[in-house]
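[1] A predicted structure for the sequence below; I have some questions about it.
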Amino acid sequence: MALLGAQLVITLIMVSVIQKLSNYSFARWLLCSQGLYRYLYPDNSELKTLAGVPKDKPKHKKGGKNEANGKAETFHVPRSLDLQLETAPVTALDVVHLRFYTEYLWIVDFSLYTSIVYIMSEVYTAIFPLKDEFNLSMVWCLLVVLFSFKILLSLTKQYFTSEESIGERSTCIVAFCAFLLIAMMVLIVDEKNLEVGVDPAYDSFYENASKFLENQGLSSVGPASKLILKFSFAVWAAIIGTLFTFPGLRVARMHWDSLRYYNENKVKSLLLNLNFAMPFVLVLLWVRPVTRYYLTERVFSGMEKPLMSAQAFDTLRLILVVLTVTLRIVLMPRQLQAYLDMAQRRLDVQKKEAGRITNIDLQKKIASVFYYLCVVALQYICPIVMCLYLTLMYKTLGGYSWTSLFYEKEEMCSAVNNTAASSTVEGVEQFQLAWENLKMVFTEEVYKGVFGFATWWCCFSWFITTSLGMAYQTYFRIS
């Protein structure tokens, strides 16, 4: 109880810090203090000058109303108009009115605060290990995951409510079916090949849940069958894959455009390519014959033991996920600027087209790029935030360590909780015994399976969607 009280103190301190730092925002700093610049659309006067359209004075009707009857002036200009857009730095006053700005501000800042809470909790529990107390930092991590899921769901929902998004709607439906099929295929792969931990988690859950039902005097054949649980996992995985589809395509487009600017800068090109390829490396870390076998089991010639222990390999996976997310956040301003540069690229493509376009459509084509900046930022940040905090929950609830990569961790006896839960309890304490037995159902093995599969699948969906987007850019070179 003392440790739980200490965790409550940490939580209260963080709530107080959040209130004190409400005027400072890491999310706003990423958008407004990293040198991002937006493109300004030309006004009607400039368009008329370039297109040679005469600047007539507006004619008036009776009562002083003009011909446009209060509507915006509309005229046509050639598509091949030689137009170079002016730029302006992105400021806090510019972004505050953008769509989904509040959601972007909330998820980024709350994720930062959660990371601070998690670090403080990890340091404290490393000094004073938890016994029967619940780690409150897991609640914060779970909230981040749920908020990220809700935001991605809101973004995807726009494709089903807009009448102009028929193609995007069809893409979401196809993606759901494809990811559902892939997930069902993944879930039948043996643990010797893909160690997501679903089968051991189910075995542990089934055994402990059956004992719990017997202890409560309930007659039951046990929890749900493995087939039903795996199908439920597959449906969840298909939803995640669908939500990651358009963010993945968007990230691939921004990566493609960023490489155009750094072809001659080898260091930045290397970082961008490493940033793009790391999800593939993360996916391979759960494929036993490719990574774990060579790093933890095989003894190479001239060596007496494998390259690393099993615990060190588990820690390596966790650290690489954290480093990958950190690299993506560092490169985020460059990727967002590549998106903002789309306004000028749209005009450069339009110059090659014949025909004419109205001034309103031309201005909307340019202004819409900046208008959706926060939407693009959410598509970039939400998937990696979800991967990060699922990994942190996987580490903590799965009983892994951050230090096993550097020195061996001694195995802890797992029989302590069992003896405590099986002690004789009378009267009012029987409820506490039932609660302890219920906690015994959700063991570390169960958490390893649930969060191991969730972490690996998010990395896999992240990799698949960005790879499809990159393939689309390579073969079709859309603009």
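    That came through, no problem.

[2] where does the stretch 201-350 of the chain dip in pLDDT?
    Judged against pLDDT under 70, the low-scoring parts of the stretch 201-350 of the chain cover residues 215-224.

[3] identify the residue nearest residue 263 in space, chain neighbours excluded?
    Once flanking residues are discounted, residue 263 sits nearest to residue 269: 6.7 Å by C-beta to C-beta, 6 or more residues apart in numbering. Bear in mind the C-beta positions are built from the backbone N, C-alpha and C, glycine included.

[4] which residues of this structure fall in strands?
    Using DSSP state E, the strands found in the chain span residues 37-40, 76-78, 86-89, 356-358.

[5] so which of these gets nearest residue 394?
    With C-beta to C-beta as the criterion, residue 394 lies closest to strand 37-40 of the strands of the chain, at 38.8 Å.

[6] got the contact list for that closest one?
    Contacts of strand 37-40 with the rest of the structure, by C-beta atoms under 8 Å, 6 or more residues apart in numbering, involve 85-90, 94, 337, 340-341, 343-344, 366, 369-370, 373.

[7] that strand: which residues count as buried?
    38, 39 (16 or more other C-beta atoms under 10 Å).

[8] partner strands of that strand, with direction?
    Within its sheet, strand 37-40 is paired with strand 86-89 (antiparallel), according to DSSP bridges.

[9] what's the burial count for the residue nearest to residue 72 when sequence neighbours are not counted?
    Leaving aside its chain neighbours, residue 72 sits nearest to residue 360 (6.3 Å; criterion: C-beta to C-beta, 6+ apart). Counted with other C-beta atoms under 10 Å, the neighbours of residue 360 add up to 14.

[10] doesn't residue 77 make contact with residue 360?
    No: with contact defined as C-beta atoms under 8 Å, residue 360 does not reach residue 77; the gap is 10.7 Å.

[11] still on that earlier bit, can you redo the strands of the chain as CSV with distance to residue 444?
    As requested, the strands of the chain are exported to CSV (distance: least, C-beta to C-beta, whole Å):
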stretch, distance to residue 444
strand 37-40, 49
strand 76-78, 66
strand 86-89, 50
strand 356-358, 62
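
[12] to residue 106, which of the ones you listed lies closest?
    Between these, strand 37-40 lies closest to residue 106; by C-beta to C-beta that is 22.6 Å.

[13] export that closest one to CSV, keeping only CA atoms.
    Coordinates of each C-alpha in strand 37-40 appear next as CSV, following Å, rounded to 0.1, in the frame of the first residue of the first chain:
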residue,chain,number,x,y,z
TYR,A,37,6.7,27.7,-43.7
ARG,A,38,3.5,27.7,-45.6
TYR,A,39,2.5,28.9,-49.0
LEU,A,40,0.2,31.8,-49.5
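
[14] now it: how far from the chain's centre is it?
    27 Å (C-alpha atoms, centre = their mean, to the nearest Å).

[15] now do the contacts for the most centrally placed residue in the chain.
    Closest residue to the average C-alpha location of the chain: residue 383 at 1.3 Å, with C-alpha atoms, centre = their mean. Shown in contact with residue 383 (C-beta under 8 Å, 6+ apart): 148, 152, 244, 247, 248, 458, 461, 462.

[16] nearest to residue 139 among those?
    Checking the contacts of residue 383 one by one against residue 139 (C-beta to C-beta), the nearest turns out to be residue 148, at 15.2 Å.

[17] for that closest one, give its distance to residue 267.
    Applying C-beta to C-beta, to the nearest Å, the value for residue 148 to residue 267 is 31 Å.

[18] again with residue 452
    35 Å.

[19] tell me the pLDDT of the nearest residue to residue 208 once chain neighbours are set aside.
    Distances taken as C-beta to C-beta, 6+ apart place residue 441 nearest to residue 208, at 4.6 Å, with adjacent residues excluded. Among the per-residue scores, residue 441 shows a pLDDT of 77.

[20] ok, the residue lying closest to residue 203 once chain neighbours are set aside - how many residues close by?
    Distances taken as C-beta to C-beta, 6+ apart place residue 445 nearest to residue 203, at 8.0 Å, with adjacent residues excluded. Neighbours of residue 445 under the rule other C-beta under 10 Å: 20.

[21] any idea how far residue 205 is from residue 445?
    8 Å.

[22] quick one, what contacts residue 253?
    Applying C-beta under 8 Å, 6+ apart, we find residue 253 in contact with 339, 469, 473.

[23] okay, those in TSV with neighbour count and distance to residue 311 next?
    Below are these laid out as TSV (neighbours: other C-beta atoms under 10 Å; distance: C-beta to C-beta, whole Å):
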residue	neighbour count	distance to residue 311
339	23	41
469	22	36
473	17	40
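
[24] just those: which are in helices?
    Judged by DSSP state H, helices contain the following of the contacts of residue 253: 339, 469, 473.

[25] name the nearest of those residues relative to residue 295.
    residue 469 (30.6 Å).

[26] correct me, but that closest one touches residue 246?
    No: between residue 469 and residue 246 there is no contact under C-beta under 8 Å: 9.2 Å.
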